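Colleague: quick check, what structure comes out for this input:
(chains A, B, C and D)
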Number of protein chains: 2
Amino acid sequence: MNDKTFTEEGGRVTNIKDVARYANVSVTTVSRVLNGHPYVKAEKRNAVMEAVQALNYHQNSNAINLSKGRTMLLGVVVPFINHPYFSQLLHGISIKALEEGYTLVLFQTSYDRDKELEALEMLKHKQIDGVIITSRALPYEQVRSYTAYGAIVLCEDSEGGEMSTVSIDHYESFLAGMNYLIEKGHRRIGYCIARPSSPNSMLRLEAYETALQSINEPINANWAFVQCLTMEDGERVVHQYKHLRQKPSAFLVASDQVAAGIWMECKKQGIRVPQDLAILGLDNHPIARALGLSTIDLPIDQVGRELVVRAIDTSSIQKKKYGFTIVERGSV
Amino acid sequence: MNDKTFTEEGGRVTNIKDVARYANVSVTTVSRVLNGHPYVKAEKRNAVMEAVQALNYHQNSNAINLSKGRTMLLGVVVPFINHPYFSQLLHGISIKALEEGYTLVLFQTSYDRDKELEALEMLKHKQIDGVIITSRALPYEQVRSYTAYGAIVLCEDSEGGEMSTVSIDHYESFLAGMNYLIEKGHRRIGYCIARPSSPNSMLRLEAYETALQSINEPINANWAFVQCLTMEDGERVVHQYKHLRQKPSAFLVASDQVAAGIWMECKKQGIRVPQDLAILGLDNHPIARALGLSTIDLPIDQVGRELVVRAIDTSSIQKKKYGFTIVERGSV
DNA sequence: ATATTTTATGAAACGCGTTTCAGAGCAAGG
DNA sequence: CCTTGCTCTGAAACGCGTTTCATAAAATAT
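Modeller: Purely as a prediction, here's the structure:
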């Protein structure tokens, strides 16, 4: 065959056939070279590689995926994209996913169960290869029922060996936060969490109660603030705090965003931090550093990366748990 | 393969052939029904729909895409995922993309030109259908040279009819910000922008200079702060500000994050806002509301959605420009 | 009644790789 | 010298839809 037959791409993208023809081998051999299979003579291998170079060939991922019966797509279930916690988690996820050649399909749920189910259904129909659930609204059992269809990775501390989990040790971190506050002399401690029913919140609650029991403090229901996600929620907390007859001397706040809101509203209201009210945040967001808020640093990027790893490696179920570091600044 | 009968999916996902067999029609007819083509008798159409229902059939997107020669993938070039401005933009983009059935391939570039090129090369090789560039490092001409391969949408105010653009009117918004400060009695006005060489910054600079010329104020090079993206950068600005012999009385800051950093550092340093220094931010991020920062509200979500629309609709090139609203709070 | 056009349907080709299968060449083992 | 077992290669099947083409039947026009 001479080069005459190679009509320099008629607007078409070069495909494996073109390469095969150019290199004077079969498409099978080209495929073998491309996939690093053994049993190809160096001579032919080189011819193929030269052809690939010469024709600037790139594989058609659709064809590959159709052939291999996979999608290279990973579903990511996230309640809110633009909340700093989740956007940071997403950051870690996206870096690792790109590294591994996977593409993300974002499901922003706002904790809508149907949106969550959408991701699971896509997994069932092999439209995505795996699902990372950064935070769920669906019951555990319902999620579990989809495990047969692909990897589902949870970002929580749940029991059960059916799904890989990657998480922060929420119990220990919250306990450590409580103990830190206690060490600093606080006994009347309130807390702010997001959804009280979430698995993570449950663990935090448990840690909270354990810590108070250890110093024989009763639990004051008025010092529990839920649905705290944003700075606005933090402000709301301070407003409610002001009307308490009996006030806590410290808050353990499960989000720096909320902690920041509390801090700022305190400034506005003339409540001194930490003299009148100590604040210990969580996440170590940039804003915490900026405001000088003490907080608990979590390796969110790392968690994000590991979530991807677990979603890709379907050979085993694993439960990873990451530690934390208390960051002392001026708010406690 | 022994699937002569309807063995309730032998681990396999039902495909179009199964549906055809079940409905007693050809795959062509099934395809026609699924794609809403005309010329299918109601009777057969119903039979197909029933079969789809009964077998819980879902199309294989890989096969469809291979067939149609598209990917339903949209590249999104973003310098930083976890910067509030971009994460909000991403939020809008992702909502609209999901709505339209498109999936996003995130390219987090950190303004690395090679990463940007990666997205463009993927477009060239038909691995993605379009590219949304939220902020670019590559020269305009180089990006333009890829327009033949698919839709490229820019999030900037550039001239030229080769690519769709969706943007905020940066010139007008910055000018309005300047005029607002001038109205409030300021004449010595400094500014903070991100990359001085970016197209958006150029427009802002132009507006800045125009505004100062209109009140016959000279331009003071010491009042120009560049590379301002984060709260930390804002703090840095205040440190530098303190060492200025001649100080501006106001800052126009092209990011609320930076404005927040300035505000907080001012509090720390005892610089009164707005008496000693007025601050006008940009973006209307949650933090601006929380701190009571005056700012310029931009419809970022809307921009994100429109970016997707332009990336999908390849029938025409359009240039959309969005307005802004000055939000008066207490920092000016 | 005949010529056209429209409606309706399926077989087959196509998009583009991967994988299976079969066969050939060649070296080591008995 | 004859098995046995690698090494190497390509034809063909496969994954799963869409689209083209051919054909047939029905409706409309002449």
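Colleague: got phi/psi on A:Asn82?
Modeller: Dihedral pair for A:Asn82: phi -100, psi 20, per degrees, to the nearest 10.
Colleague: what's near enough to touch it?
Modeller: B:Pro84, B:Ser87, B:Gln88, B:Leu90, B:His91 (Cβ atoms under 8 Å, 6 or more residues apart in numbering or on different chains). Just so you know, the C-beta spots here come from the backbone N, C-alpha and C atoms, and that holds for glycine as well.
Colleague: make a markdown table out of those residues and add neighbour count and distance to B:Val253.
Modeller: Below are the contacts of A:Asn82 laid out as a markdown table (neighbours: other Cβ atoms under 10 Å in any protein chain shown; distance: Cβ to Cβ, whole Å):
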| residue | neighbour count | distance to B:Val253 |
| --- | --- | --- |
| B:Pro84 | 22 | 14 |
| B:Ser87 | 23 | 19 |
| B:Gln88 | 22 | 17 |
| B:Leu90 | 27 | 22 |
| B:His91 | 21 | 22 |
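Colleague: for B:Glu162, state which of those residues is nearest.
Modeller: B:Leu90 (24.9 Å; Cβ to Cβ).
Colleague: hmm, back to that, distance to DNA strand D, secondary structure and pLDDT added to the contacts of A:Asn82, as TSV?
Modeller: Formatted as TSV, these follow (distance: Cβ to the nearest atom of the strand, whole Å; DSSP: H, G, I helix; E, B strand; the rest coil; pLDDT from 0 to 100):
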residue	distance to DNA strand D	secondary structure	pLDDT
B:Pro84	40	helix	91
B:Ser87	35	helix	92
B:Gln88	35	helix	94
B:Leu90	30	helix	92
B:His91	31	helix	92
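Colleague: so stretch A:145-160, near DNA strand D or not?
Modeller: No - on the criterion Cβ under 7 Å from any atom of the strand, stretch A:145-160 is out of touch with DNA strand D, staying 13.8 Å away.
Colleague: where's A:Ala23 relative to A:Tyr57, distance?
Modeller: 10 Å (Cβ to Cβ, to the nearest Å).
Colleague: oh, that last question was meant for A:Glu162, not what I typed.
Modeller: To A:Tyr57, A:Glu162 is 42 Å away according to Cβ to Cβ.
Colleague: still on that earlier bit, out of the contacts of A:Asn82, flag the one nearest to DNA strand C.
Modeller: B:Leu90 (30.7 Å; Cβ to the nearest atom of the strand).
Colleague: and that closest one, what is it in contact with?
Modeller: A:Ile81, A:Asn82, B:Val76, B:Val78, B:Ile81, B:Leu106, B:Thr134, B:Gly304.
Colleague: try 7 Å this time
Modeller: For B:Leu90, the contact set (Cβ atoms under 7 Å, 6 or more residues apart in numbering or on different chains) comprises A:Ile81, B:Val78, B:Ile81, B:Gly304.
Colleague: tally of neighbours for the first one?
Modeller: What that stands for is A:Ile81. 20 (other Cβ atoms under 10 Å in any protein chain shown).
Colleague: ditto for A:Met264
Modeller: A:Met264 has 22 nearby residues by other Cβ under 10 Å.
Colleague: what's the closest non-adjacent residue to it?
Modeller: Once flanking residues are discounted, A:Met264 sits nearest to B:Ala290: 5.5 Å by Cβ to Cβ, 6 or more residues apart in numbering or on different chains.
Colleague: state the helix or strand in which that neighbour lies.
Modeller: Using DSSP states H and E, B:Ala290 falls within helix B:286-291.
Colleague: now do that helix: distance to the chain's middle.
Modeller: Centroid displacement of helix B:286-291 relative to its chain, using Cα atoms, centre = their mean, to the nearest Å, is 21 Å.
Colleague: same thing with stretch A:226-233?
Modeller: Using Cα atoms, centre = their mean, the offset of stretch A:226-233 from its chain centre is 20 Å.
Colleague: which residues of the stretch 201-332 of chain A lie near chain B?
Modeller: Contacts of the stretch 201-332 of chain A with chain B, taken as Cβ under 7 Å from any Cβ of the partner chain, map to A:Thr230, A:Met231, A:Gly261, A:Met264, A:Pro286, A:Ile287, A:Ala290, A:Leu291.
Colleague: how about the residues of chain A by DNA strand D?
Modeller: Going by Cβ under 7 Å from any atom of the strand, the residues of chain A near DNA strand D are A:24-29, A:32, A:38-41, A:43-44, A:63, A:66-67, A:69.
Colleague: which of the residues you listed come close to DNA strand C?
Modeller: When contact is defined as Cβ under 7 Å from any atom of the strand, the residues of chain A next to DNA strand D meet DNA strand C at A:Val27, A:Thr28, A:Arg32, A:Ala63, A:Leu66, A:Ser67.
Colleague: determine which two of those are furthest apart.
Modeller: Maximum pairwise distance in those, criterion Cβ to Cβ, is 18.9 Å, between A:Arg32 and A:Leu66.
Colleague: what residues are up against A:Asn62?
Modeller: Counting by Cβ under 7 Å, 6+ apart, A:Asn62 has contacts B:Asn62, B:Asn65, B:Leu66, B:Thr71.
Colleague: I'd assumed the second one was in a helix, is it?
Modeller: Yes - in this structure, B:Asn65 lies within a helix as judged by DSSP: H, G, I helix; E, B strand; the rest coil.
Colleague: that one contacts B:Gly101, correct?
Modeller: No - with contact defined as Cβ atoms under 7 Å, B:Asn65 does not count as touching B:Gly101 (11.2 Å).
Colleague: quote the end-to-end distance of stretch A:145-161.
Modeller: End-to-end distance of stretch A:145-161 (Cα to Cα, to the nearest Å): 13 Å.
Colleague: let me see the mean pLDDT of that stretch.
Modeller: Within the predicted structure, the mean pLDDT of stretch A:145-161 is 91.
Colleague: repeat that for stretch A:174-190.
Modeller: Mean pLDDT, computed over stretch A:174-190, is 97.
Colleague: need the contact partners of that stretch.
Modeller: A:204, A:207-208, A:210-211, A:215, A:217, A:223-225, A:248-252, A:278, A:280, A:296, A:324, A:326, A:332.
Colleague: swap in 6 Å and give it another go.
Modeller: A:204, A:207, A:211, A:215, A:217, A:223, A:248-252, A:280, A:296, A:326, A:332 (Cβ atoms under 6 Å, 6 or more residues apart in numbering or on different chains).
Colleague: filter the residues you listed by proximity to DNA strand C?
Modeller: Applying Cβ under 7 Å from any atom of the strand to the contacts of stretch A:174-190, none is adjacent to DNA strand C.
Colleague: the more surrounded of A:Ala23 and A:Tyr57?
Modeller: For A:Ala23 versus A:Tyr57, neighbours defined as other Cβ under 10 Å are more numerous around A:Ala23 (23 against 20).
Colleague: thought the more buried one was touching A:Arg45?
Modeller: No - the pair A:Ala23 / A:Arg45 is not scored as a contact, 9.4 Å apart, by Cβ atoms under 6 Å.
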